[in-house]
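Participant: Sequence below, structure please.
(one chain, ligands or ions: 1)
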Amino acid sequence: MTGSTGPARLATRRSTMATSQSRMVADAITERTGRAIELVLVTSFGDVTKAHLTQLGGTGVFVNALRDELLADTVDFAVHSLKDLPTAPADGLVLAAIPERDDPRDALCARDGLKFADLPAGARVGTGSPRRVAQLAALRPDLVYVPIRGNAETRLGKVASGELDAVVLAYAGLGRVDRLADVTDVFDPEQVLPAPGQGALAVECRTERRDGDLAYLASVDDPATRLAVVAERVVLAELEAGCAAPVGAHARYDADGRELRLRAAVVAIDGSEAVRGERAATLDAVTDLDGAVALGRDLARAMIADGADRIVAAAFAERDTPSEP
Ligand SMILES: NCc1[nH]cc(CCC(=O)O)c1CC(=O)O
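Facilitator: Prediction:
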C-alpha cells in the first residue's frame with residue numbers, strides 16, 4: 001500500500017489551477033492532522049487532446065487518468081474540480097471529502113475594465129461552455145460567443161492580445177491561478193446560474209481505505225457544501241445531462257434556518273428558450289443527503305415536465321452536428 005511510510009501521495013492534474021487547488025487541500029489537511037503530503041502530477045486526456053471539449057462526450061476526460069492511479073494504488077488520494085466529475089459514482093472509489101466551497105459564480109474578464117452590460121454590440125466573448133453561452137445569449141443576444149479552449153491563462157491571453165473582447169471563467173478558478181485582478185464583472189447567480197459543483201473540490205480515494213488509513217481526509221470535509229453539491233448534481237443526473245450540457249444549478253444550506261434552497265436552469269444554446277426552477281426543503285440535519293437527493297429529484301422532474309429534457313436533447317443534437325468551420 002502506498003503512503004504507509006513517507007508523505008501521502010496526492011494525485012492532481014498538471015495545470016496551474018489544478019496544482020494550486022491540490023496544494024490548498026494538502027495544506028489544509030496537513031494543518032489539521034499533521035499529515036505530510038506530496039503532489040503527484042498526472043497528465044489527463046482532457047489536457048492533451050486538441051478536440052473541442054463539448055465534442056469529447058464531456059464526462060470524465062479530466063478525471064479518468066487520476067482514477068486509474070487511485071485504482072492501481074500508485075497514489076493515496078486525488079483532488080478534482082467537482083464540476084468536472086461525472087455524476088455516476090466510480091466503482092471502488094468514494095468522495096472522502098468535499099471541502100468548503102469557494103465563490104461559485106462566473107466572472108467576466110473584459111478589455112478596458114468593461115462590465116458585461118457595457119460591452120458594445122458585436123463584441124466577441126470567449127467561452128467553451130454551452131451553459132455559459134446559453135445563459136449569456138439570453139441576456140445579450142447581440143454579442144458574438146466564440147468557443148475557446150485552453151487553461152485560464154491562455155484564455156485571458158486572448159483578451160490581452162485583442163483577439164477577444166472578453167472571456168467568461170469561473171471566479172474560483174481565477175482566484176486559484178492568482179488572476180482575480182483580471183475580473184471586470186461577476187455574474188449574479190439569478191442571471192447566470194453556475195455549473196453544478198462549480199467552485200467546489202472533491203477528494204477521492206479507494207472506498208476500502210476511507211475509514212481505514214485515510215480516515216484523516218474527513219478533516220477537510222464540509223457537510224453543508226456536500227449537501228448543496230449533491231442536490232445540484234442530482235439535477236444534472238436526472239436530466240441525463242453531463243458537464244457539456246446547458247444546465248446551471250446552485251444550492252445553499254442555511255444552517256440557522258435549516259433550509260436547503262436549490263435553483264436550476266436549462267437554457268437553449270441560442271438563449272431563445274429556458275426552463276427555470278427553484279425549490280427549498282427543511283433538512284434538520286446537515287448530514288441528510290437523502291433529503292438533498294429528494295430535493296434535486298423533485299426539482300428536476302418538475303423541470304422535465306416543463307420541457308427541460310427537450311432543451312437538453314436539442315443541445316446535444318447541436319453538439320453532434322459539426323458546425324461550419
Ligand atoms: N472545466 C474546467 C474547469 N473546471 C473547474 C474550473 C473552475 C474552478 C471550479 O469551478 O472549481 C474550470 C475552469 C472554468 O470553468 O473557468
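
Participant: From here on, just use CA atoms for contacts and neighbour counts.
Facilitator: Noted.

Participant: Determine which residue belonging to the stretch 1-150 of the chain approaches the ligand most closely.
Facilitator: Residue nearest to the ligand within the stretch 1-150 of the chain: residue 81 (4.9 Å; C-alpha to the nearest ligand atom).

Participant: Model confidence score at that residue, please.
Facilitator: Note on residue 81: pLDDT of 96.

Participant: out of everything not next to it in sequence, what's closest to it?
Facilitator: Take residue 81 and drop its neighbours on the chain: the residue closest to it by C-alpha to C-alpha, 6 or more residues apart in numbering is residue 201, 4.7 Å away.

Participant: residues in contact with that neighbour?
Facilitator: Residues counted as contacts of residue 201 (C-alpha atoms under 8 Å, 6 or more residues apart in numbering) are 79-83, 98-99, 101.

Participant: run the last query once more with 6 Å
Facilitator: For residue 201, the contact set (C-alpha atoms under 6 Å, 6 or more residues apart in numbering) comprises 80-82, 98.

Participant: Mind picking the one among those that's closest to residue 273?
Facilitator: residue 82 (27.5 Å; C-alpha to C-alpha).

Participant: got a list of what the nearest residue to residue 36 once chain neighbours are set aside touches?
Facilitator: Counting by C-alpha to C-alpha, 6+ apart, residue 36 lies nearest to residue 7, which is 4.7 Å off, once chain neighbours are set aside. By C-alpha under 6 Å, 6+ apart, the residues touching residue 7 are 36-38.

Participant: what about burial for those, which qualify?
Facilitator: Neighbour-count burial (16 or more other C-alpha atoms under 10 Å) applied to those gives 37-38.

Participant: With distance to the ligand, secondary structure and pLDDT as new columns, can the contacts of residue 7 be given to me in JSON lines?
Facilitator: Listed next are those as JSON lines, based on distance: C-alpha to the nearest ligand atom, whole Å; DSSP: H, G, I helix; E, B strand; the rest coil; pLDDT from 0 to 100:
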{"residue": "36", "distance to the ligand": "24", "secondary structure": "coil", "pLDDT": "98"}
{"residue": "37", "distance to the ligand": "21", "secondary structure": "strand", "pLDDT": "98"}
{"residue": "38", "distance to the ligand": "21", "secondary structure": "strand", "pLDDT": "98"}
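
Participant: Any chance of the contacts of residue 7 in CSV with distance to residue 169 as columns?
Facilitator: Formatted as CSV, the contacts of residue 7 follow (distance: C-alpha to C-alpha, whole Å):
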residue, distance to residue 169
36, 32
37, 29
38, 28
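
Participant: Name the member of the contacts of residue 201 with the most neighbours.
Facilitator: Counting neighbours by other C-alpha atoms under 10 Å, residue 98 leads these with 25 neighbours.
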